[in-house]
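Student: predicted model and sequence below, questions to follow.
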Amino acid sequence: MHSAVVGLTLLTFVGTSLTFAKHSIISQASEPVLMTQNSTPVNLNGVWDLKAKFNKSVGTNGFITNAGAYVEYVAEINSVDGVITGKFLGATGGYCSDAIIDGKINGTTVNFTWQYTGSCCPNEVMVFRGKLHSQRVLEGVVKPARIPTSNCTLAYGTMIATKRDSDSP
């Protein structure tokens, strides 16, 4: 076991786990999530690449069917005092990309929704529930908030998001 003091935060390393003074496990990833002792959220501000792998879908009839799609999104995300806001900038494969993002971060738990705002799936909402693995990587599950009411199909799956370097466009 190795300990180090970073600012006012005591970090204790046990194997590959990172623990804090109160011995709660924060991350077992190779890149630790650094937070202050009072659980101040990390800064998510920036451009993120989101990679979704969808395995099921639902249409307006409510039936859930098997599906297979891999979609990449680009999003601009801001976080202030644990509140997440943002918007999608683009999506691959003709998928809907006009959407606003709203959510919360609490410790390493990240929850947000995106609501489609354009003509593609208007007012439909998707839900992301996940965890930060580092200050630059989060991973979780994606699902529709409800059965779609517009003429569109929504999907269920997993998503990994990676924050771009600040010097990347």
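Tutor: Okay, I see it.

Student: domain-wise, how is the chain divided?
Tutor: Listed by automatic domain parsing, the domain ranges of the chain are 1-39, 46-163.

Student: least confident of these, on average?
Tutor: Among those, domain 1-39 has the lowest mean pLDDT, at a mean of 39.

Student: let me have the domains of the chain in JSON lines, extended by mean neighbour count.
Tutor: (Glycine included, C-beta is placed from N, CA and C.) Below are these laid out as JSON lines (neighbours: other Cβ atoms under 10 Å):
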{"stretch": "domain 1-39", "mean neighbour count": "12"}
{"stretch": "domain 46-163", "mean neighbour count": "16"}
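
Student: only alpha carbons, please: show the helix or strand containing Ala52 as PDB.
Tutor: According to DSSP states H and E, Ala52 maps onto strand 46-58. Extracted as PDB, the C-alpha positions of strand 46-58 are listed here (Å, rounded to 0.1, in the frame of the first residue of the first chain):
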ATOM      1  CA  GLY A  46     -15.400  19.900 -23.400                       C
ATOM      2  CA  VAL A  47     -16.100  18.000 -26.600                       C
ATOM      3  CA  TRP A  48     -16.800  14.200 -26.200                       C
ATOM      4  CA  ASP A  49     -16.800  11.300 -28.600                       C
ATOM      5  CA  LEU A  50     -19.700   9.000 -27.700                       C
ATOM      6  CA  LYS A  51     -19.700   5.500 -29.200                       C
ATOM      7  CA  ALA A  52     -23.000   3.600 -28.800                       C
ATOM      8  CA  LYS A  53     -23.600  -0.100 -29.500                       C
ATOM      9  CA  PHE A  54     -27.300  -0.700 -29.800                       C
ATOM     10  CA  ASN A  55     -28.700  -4.300 -29.500                       C
ATOM     11  CA  LYS A  56     -32.500  -3.700 -29.200                       C
ATOM     12  CA  SER A  57     -35.000  -1.100 -30.400                       C
ATOM     13  CA  VAL A  58     -38.500   0.000 -29.800                       C
END
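
Student: lovely, talk soon.
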